[in-house]
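Engineer: coords please:
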Amino acid sequence: MLMPSIFGENLFDDFFEGFAKPLMPAGSFTNQAAAMKTDVKEYDGGYQLDIDLPGVRKEDVKAELKDGYLTVSATHGTQNDQKDDNGRFIRRERYYGTASRSFYVGDQIKQEDIKARFENGILSLRVPKVDAHPEIEQRKYIAIEG
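Structural biologist: Modelled structure (predicted):
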């Protein structure tokens with residue numbers, strides 16, 4: 001029985017699943033959360049984020065710090081060309097995708113505080129802990145005339 005979308009699932013998700021989504025090779029970015037699986041480890045001086053980026057080259061990975069958010073983005077593209085003996089295409093497929101994730105690291109962290117390393121398809125980021133200093137509330141008095 002088909003259920004309306006108010007029950008948490010789209011009415012046609014199961015029916016159109018094979019039609020709406022192209023078949024993608026392993027490691028392609030069909031789902032951003034699945035494409036950038038992240039392990040977060042805490043150590044004495046901070047945190048280490050290990051982000052899985054299989055099949056992605058170092059040149060295609062960017063990490064940016066803005067307004068207290070560390071954003072990691074990656075692009076991935078492959079092209080499979082198969083030709084017959086006469087040079088005519090038998091099959092030609094291209095896969096391109098982008099994925100990004102953001103992590104709030106705090107306003108006190110500076111770009112030079114974060115260390116990054118990319119090795120064997122894993123991006124490792126070390127973010128230091130910063131002691132949170134609560135702002136001291138200043139009393140502001142209103143002048144009373146008269």
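Engineer: which residues does residue 118 contact?
Structural biologist: Contacts for residue 118 were tallied using C-beta atoms under 8 Å, 6 or more residues apart in numbering; they are 53, 58, 61, 124. For every residue, glycine as well, the C-beta is placed using N, CA and C.
Engineer: Which of the residues you listed has the largest number of neighbours?
Structural biologist: residue 53 (23 neighbours; other C-beta atoms under 10 Å).
Engineer: isn't that residue right next to residue 75, touching?
Structural biologist: No - counting by C-beta atoms under 8 Å, residue 53 stays clear of residue 75, with 10.3 Å between them.
Engineer: Please name the spatially closest residue to residue 49 (chain neighbours excluded).
Structural biologist: residue 125 (4.5 Å; C-beta to C-beta, 6 or more residues apart in numbering).
Engineer: List the contacts of the strand or helix carrying the one you found.
Structural biologist: Taking DSSP states H and E as the criterion, residue 125 maps to strand 122-128. Applying C-beta under 8 Å, 6+ apart, the contact partners of strand 122-128 are 45-53, 61, 63, 70, 72, 105, 109, 113-118.
Engineer: Could I get the full set of helices for this protein?
Structural biologist: All helices of the chain, identified by DSSP state H, fall at 13-20, 32-35.
Engineer: Among those, show the one with the smallest mean pLDDT.
Structural biologist: The minimum mean pLDDT among the helices of the chain belongs to helix 13-20 (a mean of 41).
Engineer: quick revisit: pull out the buried members of the contacts of strand 122-128.
Structural biologist: Listed as buried from the contacts of strand 122-128 are 46, 49, 51, 53, 61, 63, 70, 72, 105, 109, 114, 118; burial here means 16 or more other C-beta atoms under 10 Å.
Engineer: Can you tell me which of those residues is closest to residue 37?
Structural biologist: Lowest distance from residue 37 to those (C-beta to C-beta) belongs to residue 51, with 7.3 Å.
Engineer: Can you name the residues that contact that closest one?
Structural biologist: By C-beta under 8 Å, 6+ apart, the neighbours of residue 51 are 36-38, 72, 101, 122-125.
Engineer: go again using 6 Å as the cut-off
Structural biologist: Counting by C-beta atoms under 6 Å, 6 or more residues apart in numbering, residue 51 touches 36, 38, 123.
Engineer: Brilliant, that's me finished.
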